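S.K.: Pasting the sequence and the predicted model now:
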4 protein chains.
Amino acid sequence: MGKGRLEAFSDGVLAIIITIMVLEIKVPHGVALLVLKPLLPVLLSYILSFVYIGIYWNNHHHMMHTANQVNGAILWANMHLLFWLSLIPFSSGWMGENHFAKWPVILYGVNLIMCAIAYSILSDSLVKLHGTDSTLAKVIGKGTKGKVSIALYFAGIVSTFFHPMLGMAMYTVVAGIWFIPDKRIEVKVKD
Amino acid sequence: MGKGRLEAFSDGVLAIIITIMVLEIKVPHGVALLVLKPLLPVLLSYILSFVYIGIYWNNHHHMMHTANQVNGAILWANMHLLFWLSLIPFSSGWMGENHFAKWPVILYGVNLIMCAIAYSILSDSLVKLHGTDSTLAKVIGKGTKGKVSIALYFAGIVSTFFHPMLGMAMYTVVAGIWFIPDKRIEVKVKD
Amino acid sequence: MGKGRLEAFSDGVLAIIITIMVLEIKVPHGVALLVLKPLLPVLLSYILSFVYIGIYWNNHHHMMHTANQVNGAILWANMHLLFWLSLIPFSSGWMGENHFAKWPVILYGVNLIMCAIAYSILSDSLVKLHGTDSTLAKVIGKGTKGKVSIALYFAGIVSTFFHPMLGMAMYTVVAGIWFIPDKRIEVKVKD
Amino acid sequence: MGKGRLEAFSDGVLAIIITIMVLEIKVPHGVALLVLKPLLPVLLSYILSFVYIGIYWNNHHHMMHTANQVNGAILWANMHLLFWLSLIPFSSGWMGENHFAKWPVILYGVNLIMCAIAYSILSDSLVKLHGTDSTLAKVIGKGTKGKVSIALYFAGIVSTFFHPMLGMAMYTVVAGIWFIPDKRIEVKVKD
């Protein structure tokens, strides 16, 4: 079974997710510069989520590029990932509209954890199909980065009970460590 | 006539359907965890519909993969299927917002039946074009699973008059029997 | 310059147009079957517009399939077509919500005329680039069908001043004559 | 790393941006022709933004067509461009709903400047990867047109403080000079 349509469908869903988030930034009433002020947290929330979807697209792109084939389990693991990513506009919107209040920040963290788990299930299914000796398996590695991310998300959720800005800081750190596409992939593919 | 653009267009429409459904989960006012509670049925409704669109994409993917060509009738049979699928966000939203009340659950069932009929018209058109001896025809088989689904949807609609949860149970059962991509296809293609 | 990305972009825009129209069918408040009644004209309007976008996608598909190349003028002629098609959800929504009142029906007709003119500009640009002896030119023919459509739309608009249902009837007739993909193309390509 | 998926993803995002802008043209209440009058500035704003997104798609298409490869920096430079473009529906909507008032027109200009800067970062990354002797570098040239555009946007923003129509005139001039796909590319590629 070819991977082309899976990539195309994922690209479509990710492109829509990243774009409909902007609909949460409602056009304000009034023409003064000040009416934009309440939109600032919504914009910040949008930027973080945009970067996250960008990271997922980027890593998805890299991982699928190395894959040779897909099967039914992988199709559904991919759907599962898209499901959690599709909730980002909702959790991101709730967080932005409420100026990074406690529960919205926690929900956003839970959403990010679920995305990370779904991504790791997808990469595991790919390794299982291609074998642990495949280029793909070497490229994906032990998934340490993914496990560290989940731990940091969890720390972010817990610290949000003290102050939401601690949680946001954690989520931003995770975005930072994923920002640059995984060098391991580029290096190992070249070998 | 190539099937590439038909697949691309269908992927686009399905990707949009699956993603705009999330817009039905309106960002709530208030920051307490409790404000999420009324959204639970909307979320459940979203999950079921997400799985259904996922199933249709999956099976569409499998079926078209085996097809060699398309004609005008198939293009329109495909459009017809996309039409009924495009109504899922509406019927799913009405059902979720009304906590699985009788008429919304019935309408959702009718929508699912129409999708199933449209899918079976599409597969019939494909078999007609490729011939009953084609790999595609063998792969699609007698469409027993499709007929059973329609019967179960119908049973679901009827039982909703007694209690909507009976209907929902039926719809979930159908989703379950379609969840795993049709093994017949994978097996027969290998032969 | 390749035509692939132009096709992909057009598919994307058409897929979105056809799908966001469903957002005009607002989820009603109330659980009774009767609350759906006011949505009927919106649904009818949606069906007609869905068929129209389907026809445009279908014919666009056929025409571009025969094309070998594109240039700057064609890219913009295509954008121009997409612009008028992108207004269909608006004019269709206004018409449906107002139960096919006079001015909304007229505006819808004007929108359809502009789409038809834009389509004919696009096909002219393609013929100009490929030459009047090309397969594409033979396939497109003299554009009689396009001119008849424009005349019928115009007649529809004028007759709407007497009764909007006359206009709707005309628009439906035009949809009917385009419904079946242009047989000329299939025949002439086979020659 | 292939450029195909980057093109596909960009096409998807641009197709969605160009289409969801139409959602800003809210279906009016009332059936008289007059209810459309307040929508005129919204429509004008939509047309200008549609042309701008069209220009970006067109130039993106041309530039990527000449590119042979992409790397991580280019993927993110592209995301960065898509980010600023994704804000166009918002700034365009605010401008249209407020009949081209001062601050909305300024914000729109700032948004256009950010898009132009992001586009120039993307083209610089592409030149860096392909080398200054590559066809791509020759095609892109010194980026004079881009620098002139940024200067004109800036002039537009400043002159908006005197009268918003001056700003709008400037933005329209820039759209005009980009309207026709860069002849340099077509000519130099032919050499």
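M.R.: Thanks, I have the structure now.
S.K.: lowest average confidence, helix or strand, in chain A?
M.R.: Counting by mean pLDDT, DSSP states H and E, chain A has its least confident helix or strand at helix A:183-190, which shows a mean of 50.
S.K.: Please name every helix or strand in contact with the lengthiest helix in chain A.
M.R.: If you go by DSSP state H, chain A has its longest helix at helix A:102-130. The contact analysis (3 or more C-beta pairs under 8 Å, 6 or more residues apart in numbering or on different chains; DSSP states H and E) places helix A:102-130 against helix A:40-66, helix A:72-86, helix A:88-97, helix A:135-140, helix A:144-160, helix A:164-179. In this view, the C-beta of every residue, glycine as well, is placed from N, C-alpha and C.
S.K.: Surely A:Gly54 and D:Asn78 touch.
M.R.: No. A:Gly54 lies out of contact with D:Asn78 (C-beta atoms under 8 Å); the separation is 9.4 Å.
S.K.: that older thread, now for the helices and strands packed on helix A:102-130, which one comes closest to B:Val35?
M.R.: helix A:88-97 (8.9 Å; C-beta to C-beta).
S.K.: about what we covered before: can you say which of the helices and strands packed on helix A:102-130 is nearest to B:Met21?
M.R.: The closest of the helices and strands packed on helix A:102-130 to B:Met21 is helix A:72-86. By C-beta to C-beta, the value is 8.2 Å.
S.K.: Is chain B within reach of that closest one?
M.R.: Yes. Using C-beta under 8 Å from any C-beta of the partner chain, helix A:72-86 reaches chain B at A:72, A:75-76, A:79, A:82-83, A:86.
S.K.: In TSV: the helices and strands packed on helix A:102-130, plus mean neighbour count and mean pLDDT.
M.R.: Shown next, in TSV, are those (neighbours: other C-beta atoms under 10 Å in any protein chain shown; pLDDT from 0 to 100):
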stretch	mean neighbour count	mean pLDDT
helix A:40-66	20	92
helix A:72-86	22	93
helix A:88-97	26	94
helix A:135-140	20	82
helix A:144-160	18	93
helix A:164-179	17	92
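S.K.: Tabulate the ones you listed (TSV), appending distance to chain C.
M.R.: Output for these, formatted as TSV (distance: least, C-beta to the nearest C-beta, whole Å):
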stretch	distance to chain C
helix A:40-66	16
helix A:72-86	15
helix A:88-97	15
helix A:135-140	27
helix A:144-160	31
helix A:164-179	27
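S.K.: Now do the SS call for A:Pro28.
M.R.: coil (DSSP: H, G, I helix; E, B strand; the rest coil).
S.K.: For it, grab the count of nearby residues.
M.R.: 19 (other C-beta atoms under 10 Å in any protein chain shown).
S.K.: what's the pLDDT at it?
M.R.: Model confidence at A:Pro28, expressed as pLDDT, equals 90.
S.K.: Against D:Leu129, how distant is it?
M.R.: Counting by C-beta to C-beta, to the nearest Å, the gap from A:Pro28 to D:Leu129 is 41 Å.
S.K.: Same check on A:His29?
M.R.: 46 Å.
S.K.: Which of the two has more residues huddled nearby?
M.R.: Taking neighbours as other C-beta under 10 Å, A:His29 and D:Leu129 compare with D:Leu129 leading, 16 against 9.
S.K.: Skip the chain neighbours and tell me the closest residue to whichever residue of chain A sits closest to chain B.
M.R.: Nearest to chain B, among the residues of chain A, is A:Gly12, at 3.2 Å (C-beta to the nearest C-beta). Leaving aside its sequence neighbours, A:Gly12 sits nearest to B:Ala15 (C-beta to C-beta, 6 or more residues apart in numbering or on different chains; 3.2 Å).
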